[in-house]
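In: Make a model of this:
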Amino acid sequence: MAKKPAWLQALLSETFFVSCEVHYNEKKNEKNSFCLICCQSFCPHCLPSHHSHPQLQVRRYVYQDVIRLEDLKKLIGCSYIQPYTINSAKAIFLKQREQTRSSSKCPGNNTCFTCQRILQEPFHFCSLSCKVDHMVYQGEDISSINWFDESQFTQFQGLQMDQITPMSSTEDPFEFQGSSCTSHDRGNSEYSHQITLSFNSRRKGAPRRSPLV
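Out: Numbering: from 1, shown residues only. Modelled structure (predicted):
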């Protein structure tokens, strides 16, 4: 069976937007960031413990965890995963979404290879989890779409990253609010994001890609 990288396994199995066990007496203590080195979620009050580590921010939309495409695609291949435009930013659902009656597979519909949710052409997956699960089921090499190498950040040297916006900011950076989920925008939407990872020389050679990458 194909093996998932430690950071990816932890990300897909983690529960976000629950109260932090360490800062349970603090306000705004929801765990909504993920440390790629420690492979765990943390709240804004935990940031000093992870400030030198590469991080990924998770957001919430319609009670589901989503990640901005610009952030996620620096870590893993996101091709054929259907994105949604939320507050002018493209985002991808992290985990398989609950099925509804209208999502059942029908002849002629383009559906997710894993959960049969109806998708737009030419997408094959409704979430990152569905793509990874499909690759595992097919015995494909997950490393072929994994751009992040934990070993390169052991000493955290040469890492360039912006700090996550403090919670004292007037705008809550951790949740999409008042958003409208629209169909895939084929235009090039540009927006600022709060993590910038430097992956210069991250690959030692051209990875072998599966047909879906």
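
In: Listing request: residues of the chain with sub-threshold pLDDT.
Out: By pLDDT under 70, the low-scoring segments of the chain are 1-2, 100-108, 152-213.

In: cutoff 50 now
Out: 155-210, 213 (pLDDT under 50).

In: Test my guess that residue 143 contacts residue 5.
Out: Yes. Counting by C-beta atoms under 8 Å, residue 5 is a contact partner of residue 143 at 7.4 Å. For every residue, glycine as well, the C-beta is placed using N, CA and C.

In: So for the two, which residue has more residues nearby?
Out: Neighbour tally, residue 143 and residue 5, criterion other C-beta atoms under 10 Å: the higher count belongs to residue 5, 19 against 14.

In: For the nearest residue to residue 3 once chain neighbours are set aside, what are phi and psi?
Out: Closest residue to residue 3 apart from its sequence neighbours, by C-beta to C-beta, 6 or more residues apart in numbering: residue 142 at 6.7 Å. Residue 142 adopts backbone torsions of phi -60, psi -30, taken as degrees, to the nearest 10.

In: Report how many residues lie close to residue 142.
Out: For residue 142, using other C-beta under 10 Å, the count is 19.

In: Is it in contact with residue 131, as I believe?
Out: No. At 10.0 Å, residue 142 does not count as touching residue 131 under the criterion of C-beta under 8 Å.

In: Run through the helices of this structure in chain order.
Out: Counting by DSSP state H, the chain has helices at residues 6-13, 47-50, 69-72, 128-137.

In: can you put those helices in a markdown table and add mean neighbour count and distance to residue 23?
Out: Converted to a markdown table, the helices of the chain look like this (neighbours: other C-beta atoms under 10 Å; distance: least, C-beta to C-beta, whole Å):
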| stretch | mean neighbour count | distance to residue 23 |
| --- | --- | --- |
| helix 6-13 | 18 | 20 |
| helix 47-50 | 13 | 11 |
| helix 69-72 | 20 | 24 |
| helix 128-137 | 21 | 28 |
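
In: Hmm, residue 91 is touching residue 78, no?
Out: No. Using C-beta under 8 Å as the test, residue 91 is too far from residue 78 to be in contact (10.7 Å).

In: Need the overlap of contacts for those two.
Out: Both residue 91 and residue 78 are in contact with residue 69, where contact means C-beta atoms under 8 Å, 6 or more residues apart in numbering.

In: all strands for this protein, in order.
Out: Here the chain has its strands, by DSSP state E, at 33-35, 40-42, 55-57, 59-61, 64-68, 84-86, 89-93.

In: what's the last one packed up against?
Out: When you say that, I think you mean strand 89-93. strand 64-68, helix 69-72, strand 84-86 (3 or more C-beta pairs under 8 Å, 6 or more residues apart in numbering; DSSP states H and E).

In: Export the ones you listed to JSON lines and append columns for distance to residue 39.
Out: Output for the helices and strands packed on strand 89-93, formatted as JSON lines (distance: least, C-beta to C-beta, whole Å):
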{"stretch": "strand 64-68", "distance to residue 39": "16"}
{"stretch": "helix 69-72", "distance to residue 39": "16"}
{"stretch": "strand 84-86", "distance to residue 39": "26"}
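
In: Much appreciated, bye for now.
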